[in-house]
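Peer 1: Quick check, what structure comes out for this input:
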Amino acid sequence: MSTQKSSPATFYTLILYICGFILFLEWFYPLQEVTDTTNISMFMLYGVLCFLLSFMQVRWWLSFILKGVALLFVVNNLFFTTSFLNPLWIGELLQASIVNMQALFNKTWYEFTPLFRSTLFLILIWLMSYLLHYWFVIRKRVLMFVFLTIAYLAVLDTFTVYDGTAAIIRSFIISLLALGLAHFMREMDREALRFTLAKKSAVWLLPLVAIVLFSSAVGLAAPKFSPQWPDPVPFIQSSAENAGFSEEGNGGIQKVGYGEDDSRLGGSFVQDYTPVFEAEADEEHYWRVETKDVYTGKGWEKSRDSYYTELGKIPPMFQENVNLETKQATIEFQGDEALDKLVYPYGFDHVEAPEGEPYFDMSSEAIRLMDDANDPITLENYTVDYGYPTFHIEALQQASSSDNSMEAYTQIPETLPDRVIELAKDITAEEETQYDKAKAIESYFSSTDFTYQTTDVPVPEANEDYVDQFLFDSKVGYCDNFSTSMVIMLRSLDIPARWAKGFTGGELVDAGSEKNTYEITNSNAHSWVEVYFPGSGWVPFEPTKGFSNLSDFQNEPLRGETEQQDSLQQSEQETEDEEQSEETTPEEEKEEESEVASAAASNSGPTTTEWMLPTVIGIALLLIVFIFIYKSRLRLQSKWVRRKFTADNNVENQQEAYHFLMKVLQKQGEAKRPGETLREYAMKIDKKYETTDMQKLTEHYERLIYRDDDNLASKTEVAQLWKNLIKRILS
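Peer 2: Modelled structure (predicted):
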């Protein structure tokens, strides 16, 4: 802070700067309502820090370091689960930076990750602290920012769901105070008046405060004319809806959400984050609504009219090669968003509803609740029982070709271009089984040739095929493009496939001790692929770029008839324990693991100023110190646990040691995934670290827990296994 100004000048300047910051905060408040931005308080706190440092006028290099470290801290809290400044954390940050910089240089803005967008937002806050300091403190010209703030709030109030009434009133009062105070300070500077006089004559500001408060009170209390101009929103929305539509009526900008008519696919859409329903379930999975089987070249239709039958008369969704674990989920719709069809997870078995009887549509597999007059009804909440499926990859690979009963799901239009069929054959030329062919086509869409985007998505012309246009011309689109293309390519190979639609898993809003709560919005509306395998049934696949298949696939070999009831799970566990001595097939790695380099080479060219080299060295030393502290902390903890474990190798200490091992693996980025068994997790860890110690230690831990027997293995051997694993992980 400059010492030439007296304390009254500093006080008036601070008040003016606070007014600017309050106006700046008005830009934050609407974001949670009109965008998908969350954790606004974190961005606000970062703004407070940036504005405070700018006002204090600390040295530029110190301000840069403090703001930069704070930015990384905010990003860490929002997006990272690993320890702050951990080497793995740095590697993940570098990898994310490389991916986003590639998208930046390629001008594919829609591929920016939330981490990168949030970082840009934080940098914008950083820059705004300098800009507002210049406008409000240096130049004392605040009218431009006042105008921009009022215009911003007015536009949001007019064209979005945000109610800007209170915000505009607050901004009006603060703006008048800021304009009056800025004018007062400019006059003091122009007339060369000392601020000591202003301190003695503080009453000079009282008329300003009185006028602002009086005018605001009159404005609120006085009667007001009704709007004199017609509301422009309906006209603008109507124009926007009609813009871009061809004579046939397709195309243009649509709004994302679940819809009934899929006969004309294509075109762009805008996101809609309106909540549809909340689901209480054990894990995240897709919510199915219906399927369609006839592809017309432009979209999807049903092969026959809806035909409903009682749930008890339908065949089971899955067959003998699929393990089912009985679970329950509760659905609660939000507002007026209730659907007249049930949303249900895979393995649906039963619904508990306060009214109505469930009926199954044989043509689309949609489920409706009917009243006594057989009219569909909608409910705000209901509970579904389902069998959570686990698919065995070996069974899928051994599945024989489907019989003629699945012929309807291999039909393709006669107008389908031959190059679509040839492409499917080329992709699967080296594959033998139906499952491997399906996986090959699913993986094909993850190549860089295809781009997921919801804007500027073309609509096929009258003589164009929807799939052909996507595969060979545009190569840009969303779930409908990817899923439809995969279904048709599979059908061209005589593999039964169909188009499924519903919702993705949504956002976890509450991780409860028994159930998790997920919020599903219109933006979670989605479509995917189902492929039929004899012995297993309809198996979901996910070709859409950027999405993951949430179904459970296992590489364990088949052991005869699969138990599917919960009552048999205990005996199944004991059987697996007895078979530990038998040779088992190691887990095959089906997903590519992206390895992050432990260190990034940097070009240290000649510096242009004398301060750059010391600054870089200082930042590097600071990072090294933080990394050393965090790594040493973990090693010290492991030494303490090892000493305790070695001194008294009792049951409690053995459990504590195993839990600490899991914690260390989580810190190293190898956390156990939801739904993953301890044995699967142990196999994955052993494969990564090229050992078998984790499986042996896990086997001992399971017997310790489930049999309450700590004499099944040598305590010395268990201690040595634990030590070996800790050394490998931390090395």
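
Peer 1: Report the beta-bridge partners for the residue nearest the centre of the chain.
Peer 2: By Cα atoms, centre = their mean, the chain has its centre lying nearest to Glu507, at 7.1 Å. Glu507 has these beta-bridge partners by DSSP bridges: Glu519.

Peer 1: Report the contact partners of it.
Peer 2: Tyr518, Glu519, Ile520, Thr521 (Cβ atoms under 8 Å, 6 or more residues apart in numbering). For the C-beta atoms, the positions are set from N, CA and C on the backbone; glycine is no exception.

Peer 1: for stretch 328-336, the distance to its chain's centre please.
Peer 2: From the chain centre to the centre of stretch 328-336 is a distance of 21 Å (Cα atoms, centre = their mean, to the nearest Å).

Peer 1: do the same with stretch 651-666
Peer 2: Remark: stretch 651-666 is offset 30 Å from the chain centroid, using Cα atoms, centre = their mean.

Peer 1: how much space between the residue nearest to the centre of the chain and Glu676?
Peer 2: Distance, Glu507 to Glu676, by Cβ to Cβ, to the nearest Å: 21 Å.

Peer 1: residues in contact with Tyr386?
Peer 2: Applying Cβ under 8 Å, 6+ apart to Tyr386 gives the contacts Thr326, Lys327, Gln328, Ala329, Tyr344, Pro345, Tyr346, Gly347, Phe348, Asp349.

Peer 1: What's the first helix or strand after the strand or helix carrying it?
Peer 2: Applying DSSP states H and E as the criterion places Tyr386 in strand 381-392. In the C-terminal direction, the helix or strand that comes right after strand 381-392 (DSSP H and E) is helix 393-398.

Peer 1: average pLDDT across the next helix or strand after that next one?
Peer 2: Using DSSP H and E, the next helix or strand after helix 393-398 towards the C-terminus is helix 418-427. Helix 418-427 shows a mean pLDDT of 94.

Peer 1: helices and strands around helix 418-427, which ones?
Peer 2: Contact partners of helix 418-427 among helices and strands, from 3 or more Cβ pairs under 8 Å, 6 or more residues apart in numbering; DSSP states H and E: helix 434-444, helix 466-468, helix 479-492.

Peer 1: what angle separates that helix from helix 479-492?
Peer 2: 80 degrees (axes from the mean of the first three to the mean of the last three Cα atoms, to 10 degrees).

Peer 1: Any stretches of the stretch 551-700 of the chain with poor pLDDT?
Peer 2: Within the stretch 551-700 of the chain, the stretches with pLDDT under 70 are 556-634, 645, 647-649.

Peer 1: quick one: Val212 from Leu66, how far?
Peer 2: 35 Å.

Peer 1: More neighbours: these two, which one.
Peer 2: Legend: neighbour count by other Cβ atoms under 10 Å for Val212 and Leu66, higher for Val212 (18 against 15).

Peer 1: so which strand or helix has the more buried one?
Peer 2: helix 206-221.

Peer 1: So for that helix, what gets flagged as buried?
Peer 2: The neighbour-count check on helix 206-221 (16 or more other Cβ atoms under 10 Å) flags Leu208, Val212 as buried.

Peer 1: Repeat that for stretch 262-281.
Peer 2: So stretch 262-281, judged by 16+ other Cβ under 10 Å, has buried residues 262, 264-269, 274-281.

Peer 1: circling back: Serialize the contacts of Tyr386 to CSV and add fields for pLDDT, secondary structure and neighbour count.
Peer 2: Shown next, in CSV, are the contacts of Tyr386 (pLDDT from 0 to 100; DSSP: H, G, I helix; E, B strand; the rest coil; neighbours: other Cβ atoms under 10 Å):
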residue, pLDDT, secondary structure, neighbour count
Thr326, 91, strand, 15
Lys327, 92, strand, 19
Gln328, 92, strand, 15
Ala329, 92, strand, 23
Tyr344, 91, strand, 23
Pro345, 91, coil, 23
Tyr346, 91, coil, 25
Gly347, 89, coil, 24
Phe348, 88, strand, 21
Asp349, 87, strand, 16
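
Peer 1: Run a quick neighbour tally on Leu132.
Peer 2: Neighbours around Leu132, by other Cβ under 10 Å: 22.

Peer 1: does it sit in a helix or strand, and which one?
Peer 2: helix 114-132.

Peer 1: Output that helix as CSV - backbone C-alpha positions only.
Peer 2: What follows is helix 114-132, C-alpha atoms only, in CSV (Å, rounded to 0.1, in the frame of the first residue of the first chain):
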residue,chain,number,x,y,z
PRO,A,114,-14.7,-29.8,-16.0
LEU,A,115,-11.3,-29.4,-14.3
PHE,A,116,-10.0,-27.3,-17.2
ARG,A,117,-13.1,-25.2,-17.4
SER,A,118,-13.0,-24.6,-13.6
THR,A,119,-9.3,-23.6,-13.9
LEU,A,120,-10.2,-21.1,-16.6
PHE,A,121,-12.9,-19.7,-14.4
LEU,A,122,-10.5,-19.3,-11.5
ILE,A,123,-8.0,-17.5,-13.7
LEU,A,124,-10.8,-15.2,-14.8
ILE,A,125,-11.5,-14.4,-11.1
TRP,A,126,-7.8,-13.8,-10.7
LEU,A,127,-7.7,-11.3,-13.7
MET,A,128,-10.9,-9.6,-12.6
SER,A,129,-9.3,-8.8,-9.2
TYR,A,130,-6.7,-6.8,-11.1
LEU,A,131,-9.2,-5.2,-13.5
LEU,A,132,-11.6,-4.1,-10.8
